[in-house]
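> only geometry, no sequence info:
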Ligand SMILES: CCCC(=O)SCCNC(=O)CCNC(=O)[C@H](O)C(C)(C)COP(=O)(O)OP(=O)(O)OC[C@H]1O[C@@H](n2cnc3c(N)ncnc32)[C@H](O)[C@@H]1OP(=O)(O)O
């Protein structure tokens, strides 16, 4: 029965309302973290340390439509992630994991920009490599769980997505870029590698050659230079999954909360 339900879901069956629920339940069972105690990782310990760097918030709006909106909210620092926001993110992901009716997720930044990555003040204050590593493990776990949520997720990029902000966009199924927006893996300027798992996810999205170019050159990705199949920008064809997310995004965009990118249908 389980296999049958999965198969029906894979075949795009929509006749049974329980079909999607089954698949979501199974996917939820297979979701999990990258790092656990077997890797010497103690989330409670790093949570406590991260809370010492407060500021901003990660806000979750659960809409009756089953579409959730996750907002990175720290405008005075261009939505950089403070330590407490990292803990917030993990909590919001847990809330989404237990919201079984959630169908779609929009990840956006507050006040017209997406996210400028890790809060550099917190990064500097986490002064030893061990804690830096634990912070990265914590974020990799949270973003892996975000990506594995059994729903369609889209990063709505307005303004800049830099460093960890660029990595965050790779933890969504799709990236939708407003005109004038930029995604840039600026890590190399600081002698860093993407510590939030963004490099591995980027390879899956754009392939290893393109990922090397984007990471090694800190190339600015702008809406026109980011091919449609990387972003999931509107196109008449596409897979049923792409069409569903496009419809979802379009209704959100029509509602007026972000600027409509020129190449979206009017
Ligand atoms: C594994 C994760 C690795 C990482 O994410 S490392 C962080 C990577 N991100 C960055 O390097 C971005 C650094 N920020 C910038 O380049 C610029 O601030 C940015 C985003 C282009 C915006 O430039 P402008 O529009 O000129 O605005 P601004 O520089 O005056 O910034 C406004 C206020 O926001 C602050 N801010 C921006 N990004 C921040 C960050 N990541 N951490 C901490 N504070 C940050 C900035 O310091 C400024 O604050 P204040 O008004 O001077 O008090």
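Thanks, I have the structure now. Fair warning: this is a prediction, and the values are worked out from it, not measured in the lab.

> Please make it C-alpha for all contacts and neighbour counts, starting now.
Noted.

> in a strand, that's where residue 60 is, yeah?
Yes: judged by DSSP: H, G, I helix; E, B strand; the rest coil, residue 60 forms part of a strand.

> count of residues packed around it?
21 (other C-alpha atoms under 10 Å).

> Any idea what it is bridged to?
Residue 60 forms beta bridges with residue 70, as assigned by DSSP bridges.

> how about the residues of this protein that lie near the ligand?
76-78, 80, 116-121, 162-164, 194-196 (C-alpha under 6 Å from any ligand atom).

> now those residues: which count as buried?
Among the residues of the chain next to the ligand, those scoring as buried are 77-78, 80, 116-119, 162-164, 194-196 (criterion: 16 or more other C-alpha atoms under 10 Å).

> where does residue 33 land in three-state SS?
Per three-state DSSP, residue 33 ends up coil.

> what's near enough to touch the residue nearest to it when sequence neighbours are not counted?
Once flanking residues are discounted, residue 33 sits nearest to residue 141: 4.9 Å by C-alpha to C-alpha, 6 or more residues apart in numbering. Residue 141 sits next to 32-35 when contact means C-alpha atoms under 8 Å, 6 or more residues apart in numbering.

> ok, which stretches of this protein are strands?
Secondary structure of the chain by DSSP state E: the strands cover 57-62, 67-73, 104-109, 152-157, 160-162, 174-177, 182-184.

> contacts for the last one?
Residues lying outside strand 182-184 but in contact with it, judged by C-alpha under 8 Å, 6+ apart, are 157-163, 165-166, 214, 218-223.

> 7 Å instead, please
With contacts defined as C-alpha atoms under 7 Å, 6 or more residues apart in numbering, strand 182-184 is touched by 159-163, 166, 218-222.

> Cheers, nothing more for now.
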